[in-house]
Every structure is written in structure tokens, then in C-alpha cells.
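Enquirer: no sequence for this one, just the structure:
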């Protein structure tokens, strides 16, 4: 905590403020699997872009 307070622009929240953080975002509506392996690349690419950021995906789904 002491190291973070030395970084400019970092706001340290007290415990009460931390309890009231609302973490809603674009992934709240995603209900599919958490990860996509090499065999699931087609299903991953079928996801809308705003849900693609909600999952872990195999590097093999992005050929070079």
C-alpha cells in the first residue's frame, strides 16, 4: 500500500469505498465458457467483439 501511494494519480480507497465498487461492464451479459482452446477457435471468432475480451483464448486461434 505504501508503494502505491507514492505513484502520482493513484487514489487509495478506504475499505468502505471498496465495498461500494460496482464492477458492471460488458462482460456481465456474457454467459458462455471462460476459455476457448484450439478446437474452439471458430466458436470464439463467432462471438461479438465486445464478448471476445471476456474470455481466455488459445494463441492458436490467431494464425500468423
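Expert: That came in fine, so what should we check first? Predicted model, so just to flag it, every value in this text is computed and none were measured. Residues are numbered from 1 along each chain as shown.

Enquirer: Following element in sequence after the helix or strand where residue 41 lies, please.
Expert: Assigned by DSSP states H and E, residue 41 belongs to helix 41-46. On the C-terminal side of helix 41-46, the closest following helix or strand by DSSP H and E is helix 49-52.

Enquirer: Next, the residues that contact that following helix from outside, please.
Expert: 26-27, 29-30, 32, 44 (Cβ atoms under 8 Å, 6 or more residues apart in numbering). Every residue, glycine included, has its C-beta placed from N, CA and C.

Enquirer: can you list the weak-confidence ranges in this structure?
Expert: Judged against pLDDT under 70, the low-scoring parts of the chain cover residues 1-7, 23-24.

Enquirer: need the contact list for the most centrally placed residue in it.
Expert: By Cα atoms, centre = their mean, the chain has its centre lying nearest to residue 54, at 5.0 Å. Shown here is residue 54, whose contacts under the criterion Cβ under 8 Å, 6+ apart are 26-27, 30.

Enquirer: what does residue 61 give?
Expert: In this structure, residue 61 makes contact with 36, 38, 40-41, 44-45, judged by Cβ under 8 Å, 6+ apart.

Enquirer: Tell me the buried residues within these.
Expert: Neighbour counting by 16 or more other Cβ atoms under 10 Å classes 36, 40-41, 44 among the contacts of residue 61 as buried.

Enquirer: In JSON lines, list these along with distance to residue 20.
Expert: Converted to JSON lines, these look like this (distance: Cβ to Cβ, whole Å):
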{"residue": "36", "distance to residue 20": "34"}
{"residue": "40", "distance to residue 20": "37"}
{"residue": "41", "distance to residue 20": "40"}
{"residue": "44", "distance to residue 20": "34"}
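
Enquirer: where along the chain do the strands fall?
Expert: All strands of the chain, identified by DSSP state E, fall at 35-36, 56-57.

Enquirer: quick revisit: so which of the contacts of helix 49-52 is the most crowded?
Expert: residue 44 (20 neighbours; other Cβ atoms under 10 Å).

Enquirer: Pull the contacting residues for that one.
Expert: For residue 44, the residues meeting the contact criterion (Cβ under 8 Å, 6+ apart) are 36, 52, 55, 57, 61.

Enquirer: Also residue 35?
Expert: When the contact criterion is Cβ under 8 Å, 6+ apart, the partners of residue 35 are 55-57.
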